[in-house]
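1. Quick one: sequence plus predicted model below, questions after.
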Amino acid sequence: MTIYLDAIWLLNLLIDFMILQLTGYLVKKKNRGWSVWLASLFASSMVFIAVLYPSSIVLHPLGKILFSCVILFIGFKYVSFIDYVKTLMIFYFASFTLGGALMGSHFLFQQSFELNDFGFLTVSTGFGTPISWGFVIIGFPFCWWFTRQTMDKQTLVNYQAEQIYSCQIKVLNRVVNSTAYLDSANHLIDPISQKPVVIIDNVIIKQLFSEDMVLRLKQMNQTLDLSKQDNQITNMIHFIPYQDVSNENGILLALKPDLFAFSNQTHAYRTKNVLLGLRFGPLSSGQHYHCLLNPKVFNRSETA
């Protein structure tokens, strides 16, 4: 049987690239495209080794494992030994997954094929089965698009995770612990006191106040009438010009806390020079956080 080595090499190059792209996605690694292509080029050299040096040590199980290690060193940045072993395991998982899908496709369509050390061959032609090429033609652009989209989303998720803080709010001797998100677009300032405004949602509000008080605060938010409130509350209240879809009257009801503290994995802050803007609804559709930090609050805080 005649083997078209160039066609088999190209087929394996594209399949190797898909495997490495899938590996990068699963281990959440973002690398320059050229490094993955270079690793794929090195991986596809197995085709020439299998044909020209069929007794090479590289074709033995231990040699193939070492060959795989070199592929990953080329394709992905080395971080630590544990991270490298994890990447190697995921690499084999991706290889078995795509390889199993390809073999399953042959079985489904009853396509005769031969599995050698260097790839899939049709029994009659030796340039790779039509199903193998169809798998690459359909899967290659899909894999490229899928990994690009998921890595972009992962970058956003990582960025959002870095903006998450733990926060503690104390009002009228009630203390609530919650999660805050650093909103770089929130630059709301009380025009009178010049204090930065941190927005809290209904989850925190319901923990800070009784059900009756929450109802009265909602009414006050709509009517802006302080006459029916006790002095303890009215002394805390501020009305701040603010407009969004949940605030029809253009005024944000805010109050002064006894203490506002927030922290991440490396720093902790505390301050009284802040106002809490009340939003009687959720801030996050997924309930990931219940407070929007104002970047200016860092300037008004002391390190805890």
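-> Nice, thanks for sending it over. Only a predicted model underlies this, so the values are computations on that prediction, with no experimental measurement involved. Numbering: from 1, shown residues only.
2. Can you pull out the low-pLDDT segments for the stretch 1-150 of the chain?
-> 1-8, 28-33, 58, 97-150 (pLDDT under 70).
3. ranges for the strands of it?
-> In the stretch 1-150 of the chain, the strands defined using DSSP state E, counting those that start in this stretch lie at 114-116, 119-121.
4. any chance you could read off phi and psi for the nearest residue to I192 once chain neighbours are set aside?
-> Nearest residue to I192 in three dimensions, chain neighbours excluded: H238, at 7.4 Å (CB to CB, 6 or more residues apart in numbering). For glycine as for every other residue, the C-beta is placed from the backbone atoms N, C-alpha and C. Backbone torsions of H238, given as degrees, to the nearest 10, read phi -130, psi 140.
5. Which pLDDT value goes with H238?
-> At H238, the model reports a pLDDT of 87.
6. can you pull the contacts of it?
-> Going by CB atoms under 8 Å, 6 or more residues apart in numbering, H238 touches D190, I192, S193, L253, A254, L255, K256, L275.
7. what packs against the host helix or strand of M220?
-> Element membership for M220 (DSSP states H and E) is helix 211-223. Here helix 211-223 touches helix 202-208, strand 251-255, going by 3 or more CB pairs under 8 Å, 6 or more residues apart in numbering; DSSP states H and E.
8. For H267, which of these is the nearest?
-> In terms of CB to CB, the element of the helices and strands packed on helix 211-223 nearest to H267 is helix 202-208, at 21.7 Å.
9. Counting neighbours, which of the contacts of H238 end up buried?
-> Among those, those classed as buried by 16 or more other CB atoms under 10 Å are D190, L253, A254, L255, K256, L275.
10. Tell me the one of those residues nearest V36?
-> Of all the buried ones among the contacts of H238, V36 sits closest to L275, with 49.9 Å by CB to CB.
11. Can you tell me how far the closest one is from K206?
-> 19 Å (CB to CB, to the nearest Å).
12. Check S263 too.
-> 23 Å.
13. I'd assumed N12 was in contact with M46.
-> Yes. The criterion here is CB atoms under 8 Å, and M46 meets it with N12 at 7.2 Å.
14. returning to that earlier point: nearest to I164, of the buried ones among the contacts of H238?
-> I164 has its nearest neighbour among the buried ones among the contacts of H238 in L275, at 21.7 Å by CB to CB.
15. looking at it, the closest one is touching S193, isn't it?
-> Yes. Assessed by CB under 8 Å, L275 is found in contact with S193 at 7.4 Å.
16. ok, back up a step: wait, which of the helices and strands packed on helix 211-223 is closest to P282?
-> Among those, helix 202-208 sits nearest to P282 (CB to CB), with 6.8 Å.
17. which of the residues in the closest one are buried?
-> For helix 202-208, the neighbour count (16+ other CB under 10 Å) marks N202, V203, I204, I205, Q207, L208 as buried.
18. Same check on stretch 278-295?
-> With burial defined by 16+ other CB under 10 Å, the residues of stretch 278-295 counted as buried are L278, R279, F280, L283, Y289, H290, C291, L292, L293, N294.
19. got a list of what the closest residue to the last one other than its chain neighbours touches?
-> Read that as N294. Once flanking residues are discounted, N294 sits nearest to P196: 4.1 Å by CB to CB, 6+ apart. Residues in contact with P196, defined by CB under 8 Å, 6+ apart, are L188, I189, D190, N273, V274, L275, N294, K296, V297, N299, R300.
20. was I right about the third one contacting L275?
-> Yes. Because the distance of 5.5 Å satisfies CB under 8 Å, D190 is recorded as touching L275.
21. Need the overlap of contacts for those two.
-> In contact with both D190 and L275: P196, V197, H238, I240, A254, using CB under 8 Å, 6+ apart.
22. Distance check, the last one against R279.
-> Read it as A254. A254 is 10 Å from R279, where distance means CB to CB.
23. Likewise for the third one?
-> Here H238 is placed at a distance of 15 Å from R279 (CB to CB).
24. hang on, the earlier thing: looking at the buried residues of stretch 278-295, which one is closest to F81?
-> The nearest member of those to F81, counting by CB to CB, is Y289 at 35.2 Å.
25. Check the gap between the closest residue to S56 other than its chain neighbours and S166 for me.
-> Spatial nearest neighbour of S56, chain neighbours left out: I49 (5.4 Å); criterion: CB to CB, 6+ apart. Going from I49 to S166 by CB to CB gives 54 Å.
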